[in-house]
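Colleague: can't give you the sequence, but here's the structure:
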C-alpha cells in the first residue's frame with residue numbers, strides 16, 4: 001500500500017520534474033477520503049458524464065481551480081488502482097498540465113474535451129513513460 005506520506009513525497013518529485021520543463025506554478029496538494037473524493041469528482045462535467053454512462057471512474061486525482069489550484073488525491077482510490085508508485089507521479093504530472101491549460105478552458109463540454117485532448121497530447125510528448133503508465137492503469141480496454 002502506498003501511504004499518504006509516500007504520495008506526498010512522490011507528488012513533490014513529480015512537481016520538480018514538471019518544473020524543469022515549465023515555470024513553477026503555485027499549487028497545493030490535498031488529501032480527501034473516498035466519499036469526499038467521489039463527491040468532488042462527480043462535480044466534474046466529464047466525470048459526471050462517464051458516471052451517467054455507467055463507466056467506472058478510474059481516476060485518483062483531480063484539480064480544483066480557484067485563486068489557488070489544488071490537486072486533490074485520495075489514498076484509497078490510488079491504492080485500488082495500482083501499487084505502482086510511479087502512477088502517483090503520472091497523476092500529478094497530468095494534473096499539472098491541466099493547471100497550465102486552464103486559461104484556455106471555457107465552461108462547456110466541447111472546451112473541456114479539447115482541454116483533455118491538449119493535456120493528453122502534451123503529456124505524451126513531454127513525459128511518455130508516465131503517460132503510458134497512466135493510460136495503462138486507467139484504460140477501459142478489456143472491460
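Modeller: Sure thing, it's come through. Everything numeric here is computed off the predicted structure, so don't read it as measured data. Residues are numbered from 1 along each chain as shown.

Colleague: buried residues, the helix or strand harbouring residue 79. List them.
Modeller: With elements taken from DSSP states H and E, the one containing residue 79 is helix 75-81. By neighbour count on 16 or more other C-beta atoms under 10 Å, the buried set for helix 75-81 is 75, 77-78, 81. From N, CA and C alone the C-beta is placed, and that goes for glycine too.

Colleague: now stretch 34-41
Modeller: Of the residues in stretch 34-41, those with enough neighbours to count as buried (16+ other C-beta under 10 Å) are 37-38, 40-41.

Colleague: now do the buried residues in stretch 103-114.
Modeller: Result for stretch 103-114 [16+ other C-beta under 10 Å]: buried residues 105, 112.

Colleague: mind checking the end-to-end distance for that stretch?
Modeller: Taking C-alpha to C-alpha, to the nearest Å, the first and last residues of stretch 103-114 lie 13 Å apart.

Colleague: mind picking the two most distant members of the buried residues of stretch 34-41?
Modeller: In the buried residues of stretch 34-41, the most distant members under the criterion C-beta to C-beta are 38 and 40, with 7.3 Å between them.

Colleague: mutual contacts of these two, please.
Modeller: Both residue 38 and residue 40 lack any common contact, where contact means C-beta atoms under 8 Å, 6 or more residues apart in numbering.

Colleague: ok, back up a step: pull out the buried residues from the helix or strand following the helix holding residue 79.
Modeller: Toward the C-terminus, helix 75-81 is succeeded by helix 86-101 as the next helix or strand (DSSP H and E). By neighbour count, and taking 16+ other C-beta under 10 Å as the criterion, the buried residues in helix 86-101 are 86-100.

Colleague: nothing else from me, thank you.
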